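J.: no FASTA, just this:
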């Protein structure tokens, strides 16, 4: 399956991605993790991205598109993938559509985790990352609402979006996602 995970920072995409990728035997493609690894390794891409990450801003589209495009070419993506944190802007969505169209492999589904902002803020401040200050977290949530949330309309027009209540325990959210995936797979067979 070819999936994209949407949801604001702190919605639980990373937590849910771990079991979902194992369940479907597909790779987890987290742009955040790929970019943090590039920063830690001091790669050219990482150095370019670091100044944006430090201030809670999205990296420029061309950097995100480059890292995702390179990753999609890896052999483990042939049987599917789970995109986490990509696309985040209209130009990233257009670039992803073009990449997948070239491969003849459109997205099967867009999972949209929905969590109230007060719960998100609490979760993000608890996880204790260096870049998770209250100001940076609030900025990330604002950026998500302004730039990423509108992309859902693009995928809703294609009937690809599946909303998921992201509140509750990780196990409760997992069960909701599993039910959606199993229903989709049953219809596809």
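T.: Sure, I can see it. What you are looking at is a predicted structure, and each value in this text was computed from that prediction instead of being measured.
J.: the helices in this protein, which residues?
T.: Using DSSP state H, the helices of the chain run over 13-24, 31-41, 44-54, 61-72, 90-103, 117-127, 134-143, 151-156, 170-188.
J.: so which of these is nearest residue 5?
T.: Ranking those by proximity to residue 5 (C-beta to C-beta) places helix 13-24 first, at 4.6 Å. (C-beta placed from N, C-alpha, C; glycine too.)
J.: next, the angle helix 117-127 makes with the closest one.
T.: Our comparison of helix 13-24 with helix 117-127, counting by axes from the mean of the first three to the mean of the last three C-alpha atoms, to 10 degrees, yields an angle of 90 degrees.
J.: what packs against helix 13-24?
T.: Contacts defined by 3 or more C-beta pairs under 8 Å, 6 or more residues apart in numbering; DSSP states H and E place helix 13-24 against strand 2-6, strand 28-30, strand 81-84, helix 170-188.
J.: ok, back up a step: residue 80: which of the helices of the chain is closest?
T.: Closest to residue 80 of the helices of the chain is helix 13-24 (C-beta to C-beta; 6.5 Å).
J.: chain center to the closest one: distance?
T.: Averaging C-alpha coordinates over helix 13-24 and over its chain gives two centres that are 12 Å apart (C-alpha atoms, centre = their mean, to the nearest Å).
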